[in-house]
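In: How does the following fold in three dimensions:
(2 chains, ligands or ions: 2)
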Amino acid sequence: MAERQAAQVPSNIVRRSFAIATWLGWKIESNWTDPFLFAVYSVIKPLAGAAIIVVMYSVVASGNFDTPYFAFLYFGNAFYQYVSSVITGVSWSIVDDREHYRTLKYLYVAPIRFQYYLLGRGVARILAGTFAVIITIAGGVLFLHVPLNFAQVDWLLFSVSFVLGIVVLIYMGLVLAGVTLMLAHHSDVVGDAVASAMFLFSGAIFPLSYLPAFIRPIGYALPVTYWLELLRRSIIGSSVESFSSFGSLTNLELLSILLGFTLLFGLFSNAIFRACERRAKEKGLIDQITNY
Amino acid sequence: MSAENSVLVEDLSRIYKIRGAKKHETRELTALSHVDLSVQRGELFGLLGPNGAGKTTLIKILTTLLSPTSGKARVAGFDVVTQAEQIRSRINMVSGGETSGYGLLTVRENLWMFAQFYGISTRLANERIQRLLEIVEMTDRANTKSADLSTGLRQKMNIVRGFLTDPEILFLDEPTLGLDVGASRDVRHFIRRWVDEDPTRTILLTTHYMVEADELCNRVAIINKGKVLACDSPANLKRDLRRESIFNIQVEAPDGYVFSKLNDLAGVVRVDVTPEDGYTQLDLMMQEESVLSSVIAEFNAHGLHLRSLEKREPTLEDVFVALVGARMEEVEHAEPAES
Ligand SMILES: Nc1ncnc2c1ncn2[C@@H]1O[C@H](COP(=O)(O)OP(=O)(O)OP(=O)(O)O)[C@@H](O)[C@H]1O
Ligand SMILES: [Mg+2]
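Out: Ligands and ions are numbered 1, 2, ... in the order given. Now for the predicted structure:
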């Protein structure tokens, strides 16, 4: 009996939800194939993604890689990989646990904080995403003369923007997790669909000014747009400004906007997730298995 | 609310909305209808009912996975809708007949992980895992990846997961579904022993096996089409049938004799007919023993030859028949009820 009581210290709930989920996520991500294939895949996949962009660019620019626009595009594409790895990292395990392992209901019955469980499950993917970004940038610097001078990087701006961006992506992932929970069908493609959709509107590979005017507001409404801009500015500084989506805004202004988004998403994402959870319980979707 | 009530359900209903074939068409399906139920602390309580009776729906509501449409339900004194968190740290749940778990983790890792989610120390978890695996005879599989287990063993692992956290109230949804005879028996013994070991432990299990409810449970609620039809100890439920008489009869009948005619005799509750080689087996339930004479008279009038006649004790199956008017298998094979 004493043991039973000791099992219920609520202050530990957040920590253990996150820590154990991180352990599980790591086991899952690293276990799907043998380590050698895993390593190869982790290198090949981001480089292949970058290669597509590079080939497309070289057709248009007749092989001239030594331009500010190429740097703009290359860094944008490299960091954009975080968008899908964080968003799907945080939301994916809903599908995985519900459909594949069939444990979602048991996790829901357990005394855990589900939001932290989800975040923990995403850690391995976020780390894999980090690795992909590093590989992509290294490949670009080594083979394509993408400009990267560590001495010129504005590290303070980079760190602050980077962290804010990751945080806001985690919140977006939580919203997506809620949506996923409510969808009985096709919930496995939601994360990738959202990430792909935002690719074009967030200035990842071309400035917003290249988009038709009526579409641009979508880009301005996405925190990712400001994040990518800040990262590029912090790494390659003035040389990207000619392609900037926000020529008139200072770094500090951009940073404030990103911070605003982060707070906004921080305030609402949890509420949205809880509302979705409630809806899923009403509709009986927590253990709904579609088997398609 | 009394602290002795582990589960208290009042006027609970659950309606599922089902999207029809056409776009705006939605049908409503009443899975639970005005259910009242209470389970005392220390009880092993059974919900007995055919497929689609609403057993799983009730378990899901009590384990906070599904919201009720109306009515109230409290578990360990807490409201399932507004106090789900307090409930979760005190319960656990196992659904039989399904294989869940992380295939890439070993049996021990799967179990350890769930123990961690309940805040149980690794030392205590390992002790319990060891003991429980011994009971289900799976010690030699502790380090096997659960993906490499047979379905039956994966189910056993899932059952162990339920007991591992030593919950105040354990919900078991058809725990022996799909297990072979020996494994089912072991699991039943273990369930009984676990409740008997500690008077503060409570189990609510669902089953559609009569014998399981009869042998295992302190009290049984018989549920059909979302309604609780009776709730009492198996002995009391059967005692209520004592006015009725049940006979096993073997007869040789001339070709073309229609046994369903027996149903028309006054006082006959129901007849189950099983043709055997050279004779027919009848399971006859009557309102009272005296009805037997009119049955015998009917046999004589139509040239049926009596081979044997034996009175038998009522079972929960008979209780179900008396309440519903059909055997459980027949209800299961009928079309699902809708409202
Ligand atoms: N998510 C759902 N959506 C729509 N209808 C459902 C859903 N879940 C269950 N039902 C219906 O509700 C009724 C009760 O189902 P439930 O699963 O509770 O029965 P059960 O007693 O557990 O049956 P079984 O022995 O088959 O497990 C059934 O008619 C079933 O088809
Ligand atoms: Mg069921």
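In: hmm, which helix or strand of chain A has the shakiest average pLDDT?
Out: Every helix and strand in chain A was compared by mean pLDDT, DSSP states H and E; the lowest is helix A:2-6, with a mean of 46.
In: center of chain B - which residue?
Out: In chain B, the C-alpha nearest the mean C-alpha coordinate belongs to B:Thr207, at 1.6 Å (C-alpha atoms, centre = their mean).
In: Let me see the contact set for the closest residue to that one other than its chain neighbours.
Out: Nearest residue to B:Thr207 in three dimensions, chain neighbours excluded: B:Ala213, at 5.5 Å (C-beta to C-beta, 6 or more residues apart in numbering or on different chains). All C-beta spots, glycine's among them, are computed from the backbone N, C-alpha and C. Going by C-beta atoms under 8 Å, 6 or more residues apart in numbering or on different chains, B:Ala213 touches B:Gly46, B:Leu48, B:Thr207, B:Val220, B:Pro234, B:Leu316.
In: and the fifth one, what pLDDT?
Out: Each residue has a pLDDT score; the one for B:Pro234 is 95.
In: Same question for the third one.
Out: Reading off the per-residue confidence, B:Thr207 sits at a pLDDT of 95.
In: on that earlier part again, pretty sure the residue nearest to the centre of chain B contacts B:Pro50?
Out: No - using C-beta atoms under 8 Å as the test, B:Thr207 is too far from B:Pro50 to be in contact (10.7 Å).
In: The stretch 101-250 of chain B against chain A: which residues are in contact?
Out: B:101-105, B:109, B:113-114, B:116-120, B:124, B:161, B:165-166, B:168, B:198, B:200 (C-beta under 8 Å from any C-beta of the partner chain).
In: buried subset of these?
Out: B:101-105, B:109, B:113-114, B:116-120, B:161, B:165-166, B:168 (16 or more other C-beta atoms under 10 Å in any protein chain shown).
In: Next, residue 111: secondary structure please.
Out: In the absence of a named chain, chain A is used. Here A:Pro111 is recorded as coil under DSSP: H, G, I helix; E, B strand; the rest coil.
In: Tell me where the chain has helices.
Out: Went with chain A since none was named. All helices of chain A, identified by DSSP state H, fall at A:2-6, A:13-31, A:35-60, A:68-95, A:104-109, A:114-144, A:155-182, A:190-201, A:216-220, A:223-236, A:251-283.
In: not quite, I wanted chain B
Out: For chain B, the helices defined by DSSP H occupy B:55-62, B:84-88, B:107-117, B:122-135, B:151-164, B:181-197, B:210-216, B:234-239, B:291-301, B:316-324, B:328-333.
In: hey, which of the ones you listed is tucked in deepest?
Out: helix B:55-62 (a mean of 25; mean count of other C-beta atoms under 10 Å in any protein chain shown).
In: quick one: the lowest-mean-pLDDT helix or strand in chain B to chain centroid distance?
Out: One helix or strand of chain B scores below all others by mean pLDDT, DSSP H and E: helix B:328-333, with a mean of 82. Offset of helix B:328-333 from its chain centre (C-alpha atoms, centre = their mean, to the nearest Å): 14 Å.
In: What helices and strands are in contact with it?
Out: helix B:316-324 (3 or more C-beta pairs under 8 Å, 6 or more residues apart in numbering or on different chains; DSSP states H and E).
In: Around chain B, which positions in the stretch 101-250 of chain A sit nearby?
Out: Within reach of chain B by C-beta under 8 Å from any C-beta, the stretch 101-250 of chain A has these residues: A:Tyr101, A:Arg102, A:Thr103, A:Lys105, A:Tyr106, A:Leu107, A:Tyr108, A:Val109, A:Ala110, A:Pro111, A:Ile112.
In: of those, closest to B:Ser294?
Out: A:Lys105 (54.0 Å; C-beta to C-beta).
In: which residues sit in contact with that closest one?
Out: Residues counted as contacts of A:Lys105 (C-beta under 8 Å, 6+ apart) are A:Ile286, A:Asp287, B:Lys60, B:Thr63, B:Leu65, B:Met93, B:Ser95.
In: The second one and B:Ile59 touch, don't they?
Out: No - the criterion here is C-beta under 8 Å, and A:Asp287 misses it with B:Ile59 at 10.8 Å.
In: what's around residue 67, how many residues?
Out: By default, I'm working from chain A. By other C-beta atoms under 10 Å in any protein chain shown, 13 other residues sit near A:Thr67.
In: please go with chain B instead
Out: Other residues close to B:Ser67 by other C-beta under 10 Å number 18.
In: The residue of the stretch 151-300 of chain B found nearest ligand 1 - nearest residue in space that isn't next to it in sequence?
Out: Residue of the stretch 151-300 of chain B nearest ligand 1, by C-beta to the nearest ligand atom: B:His208 (5.4 Å). Distance criterion C-beta to C-beta, 6+ apart; nearest residue to B:His208, sequence neighbours excluded, is B:Pro50 at 5.8 Å.
In: for B:Gly71, same thing?
Out: B:Leu12 (3.6 Å).
In: go on, A:Glu282?
Out: Spatial nearest neighbour of A:Glu282, chain neighbours left out: B:Ser67 (4.8 Å); criterion: C-beta to C-beta, 6+ apart.
In: quick one: the one you found from A:Lys283, how far?
Out: In this view, B:Ser67 and A:Lys283 are 9 Å apart by C-beta to C-beta, to the nearest Å.
In: what do you get for B:His302?
Out: According to C-beta to C-beta, B:His302 and A:Lys283 sit 57 Å apart.
In: Counting neighbours around each, name which of these two comes out higher.
Out: A count of neighbours by other C-beta under 10 Å puts A:Lys283 above the other of B:His302 and A:Lys283, at 16 against 13.
In: which residues does the residue lying closest to that one once chain neighbours are set aside contact?
Out: Residue nearest to A:Lys283 in three dimensions, not counting chain neighbours: A:Met182, with 7.4 Å by C-beta to C-beta, 6+ apart. Counting by C-beta under 8 Å, 6+ apart, A:Met182 touches A:Cys276, A:Arg279, A:Ala280, A:Lys283, A:Leu285.
In: count of residues packed around the residue nearest to the third one when sequence neighbours are not counted?
Out: If I follow you right, that is A:Ala280. The shortest distance from A:Ala280 to any non-neighbouring residue, by C-beta to C-beta, 6+ apart, is to A:Leu181 (4.6 Å). When neighbours are counted by other C-beta under 10 Å, A:Leu181 registers 26.
In: which residues touch A:Leu181?
Out: A:Leu181 is in contact with A:Ile94, A:Ser187, A:Cys276, A:Glu277, A:Ala280, A:Leu285, A:Ile286, counting by C-beta under 8 Å, 6+ apart.
In: Let's see if you can find the most crowded of the residues you listed.
Out: Using other C-beta under 10 Å as the neighbour test, the contacts of A:Leu181 are led by A:Ile94, with 28 neighbours.
In: And the residue of the stretch 51-200 of chain A that's closest to ligand 1?
Out: Closest point on the stretch 51-200 of chain A to ligand 1, by C-beta to the nearest ligand atom, is A:Ala184, at 8.9 Å.
In: Show me where the stretch 51-200 of chain A dips below the pLDDT cut-off.
Out: For the stretch 51-200 of chain A, the stretches flagged by pLDDT under 70 are A:187.
In: The stretch 1-150 of chain B too?
Out: In the stretch 1-150 of chain B (pLDDT under 70), the answer is B:1-3.
In: mind listing the strands for it?
Out: For the stretch 1-150 of chain B, applying DSSP state E, counting those that start in this stretch gives strands covering B:5-19, B:26-40, B:44-48, B:70-75, B:78-79, B:91-95.
In: Comparing these, which stretch has the densest surroundings?
Out: Ranked by mean neighbour count, those are led by strand B:44-48 with a mean of 27 (mean count of other C-beta under 10 Å).
In: Only alpha carbons, please: show that strand as CSV.
Out: Presented in CSV, the C-alpha positions along strand B:44-48 are these (Å, rounded to 0.1, in the frame of the first residue of the first chain):
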residue,chain,number,x,y,z
LEU,B,44,-14.3,-8.8,-8.5
PHE,B,45,-17.2,-7.6,-10.6
GLY,B,46,-18.2,-9.0,-14.0
LEU,B,47,-20.0,-7.5,-16.9
LEU,B,48,-21.5,-10.3,-18.9
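In: Just the residues contacting that strand, thanks.
Out: Contacts for strand B:44-48 (C-beta under 8 Å, 6+ apart): B:7, B:39, B:55, B:58-59, B:191-192, B:195, B:202-208, B:210, B:212-213, B:216-223, B:316, B:320.
In: Alright, calling it a day.
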